[in-house]
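J.: Return a 3D structure for these sequence lines:
(one chain, ligands or ions: 1)
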Amino acid sequence: MATELLTSSLLPVPHGFATRAGGVSEGAFASLNLGFSTGDERARVEENLRRFAAAAGAPLGALCRVSQVHGDRVLEARAEEGSDGLRPTEGEADGLWTQAPGTWVAVGTADCVPVLLVDPDGQRVAAVHSGWRGTDAEISVRAVELLVARGARPERLLAAVGPAIQRCCYEVSDELGQRFAARFGDEVVSRDAARPHLDLSRAVRLSLVRAGLKAGHVDVLQACTACEPGRFFSHRRDAGRTGRHLSYVLHRF
Ligand SMILES: [Zn+2]
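T.: Next up is the predicted model:
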C-alpha cells in the first residue's frame with residue numbers, strides 16, 4: 001500500500017498528515033510508524049521515514065523534528081548544510097517554525113492535535129503538537145505570536161488542524177471538562193454521556209481565531225484517530241502501545 005498523506009486545500013505550500021499506510025512496521029506499529037520512542041524496531045522506523053520523505057518529495061536531511069514534552073515551547077528550525085541522513089531533534093519543544101527555504105518541520109502525534117501554520121506574506125511555516133496540555137497552554141497561539149513578532153499579520157495566516165481524537169472518543173475527567181468549558185466555552189465539551197467528552201480540535205480552532213486568524217482561514221480535518229484503527233494510530237484506543245504519525249509543512253513558496 002502506498003504512503004497516504006492527507007492535505008488541506010487551504011495551505012499554499014507542500015504539507016501532509018501521514019496515516020498508517022505505506023510503511024514496513026508490523027503489529028501494533030503497522031505500518032508507517034514514524035516515532036522512535038514507541039518500542040518499534042529502529043531500522044523499520046528509519047525505513048518508514050525514508051518512505052515518508054519520498055512521499056513528501058523532500059530530502060530527509062532537511063526534516064526538522066523536536067523531542068516532544070507536552071509543553072508550549074516553539075523553536076526555530078534553521079537550514080543545515082550537507083547532511084543527507086536524519087537530523088537529531090532540535091531540542092525539547094512541541095512546535096517548530098522555519099523561514100529557511102527547503103526546510104520542513106514536523107510533529108508526531110497519535111490522538112493529539114497536529115497544527116500546521118503558514119504565513120504566506122513572510123514566507124514562514126510552523127508545525128505544532130497540541131495535546132490537552134498543549135491546548136490548555138495554547139501552544140498554537142505561541143506559534144502565531146512568534147510569526148507575528150516577525151511581521152506576520154494574524155488575519156493573513158492560514159492553519160490546518162489535522163486528524164486527532166475527536167469528541168466521539170475523547171472521554172475526560174469532570175475536572176478537565178470543566179477546565180476546558182471555562183476556558184473555551186461549553187461548545188468544546190459534550191455532557192450527553194456519563195462523563196464529559198472533549199473536542200480538542202475545536203478548542204485549538206478557537207485559540208487560533210482568538211489569536212486573530214480568520215475563521216475561514218482555519219481548516220479542521222474531521223477524521224477521528226480513535227474511530228479508524230485501520231487508518232490511524234491512537235494512543236487512547238491502543239492503550240499506549242501504538243505508532244506515531246508525522247504531520248509536516250515544507251518551506252517552499
Ligand atoms: Zn471517534
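
J.: so who does R65 touch?
T.: By Cβ atoms under 8 Å, 6 or more residues apart in numbering, the residues touching R65 are 87, 89-90, 96, 105-108, 246. C-beta coordinates here come from the backbone N, C-alpha and C atoms, glycine included.

J.: Strands of this structure, start to end?
T.: Secondary structure of the chain (DSSP state E): strands located at 5-6, 15-18, 63-64, 74-76, 95-98, 104-109, 113-119, 124-130, 158-161, 189-190, 197-198, 218-220, 245-250.

J.: ok, what's across the strand from V115?
T.: V128, V161 (DSSP bridges).

J.: What is the neighbour count of it?
T.: Close neighbours of V115, defined as other Cβ atoms under 10 Å, add up to 33.

J.: G131 is in contact with that one, correct?
T.: No. If you go by Cβ atoms under 8 Å, V115 and G131 don't touch, sitting 11.3 Å apart.

J.: Quick one: neighbours of the residue nearest to C169 when sequence neighbours are not counted, just the number.
T.: Among residues not flanking C169 along the chain, A226 sits closest, at 3.6 Å (Cβ to Cβ, 6 or more residues apart in numbering). By other Cβ under 10 Å, the residues close to A226 number 20.

J.: before we move on, back to that, looking at the strands of the chain, which is closest to L206?
T.: Closest to L206 of the strands of the chain is strand 218-220 (Cβ to Cβ; 9.3 Å).

J.: Packing partners of the closest one?
T.: If contacts are counted by 3 or more Cβ pairs under 8 Å, 6 or more residues apart in numbering; DSSP states H and E, strand 218-220 sits against strand 158-161, helix 200-210.

J.: Name every strand pairing with it and say which way it goes.
T.: When DSSP bridges is applied, strand 218-220 pairs with strand 158-161 (parallel).

J.: From the ion, how far off is H235?
T.: 13 Å (Cβ to the ion, to the nearest Å).

J.: picking that back up, any chance of the strands of the chain in TSV with mean pLDDT as columns?
T.: As requested, these are exported to TSV (pLDDT from 0 to 100):
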stretch	mean pLDDT
strand 5-6	98
strand 15-18	98
strand 63-64	98
strand 74-76	98
strand 95-98	98
strand 104-109	98
strand 113-119	98
strand 124-130	98
strand 158-161	98
strand 189-190	98
strand 197-198	98
strand 218-220	98
strand 245-250	98
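
J.: of all those strands, which lies closest to the ion?
T.: Proximity to the ion, assessed across the strands of the chain by Cβ to the ion, is greatest for strand 197-198 (9.4 Å).

J.: So the closest one, near the ion or not?
T.: No. Interface with the ion: strand 197-198 contributes nothing (Cβ under 5 Å from the ion), its closest point being 9.4 Å away.
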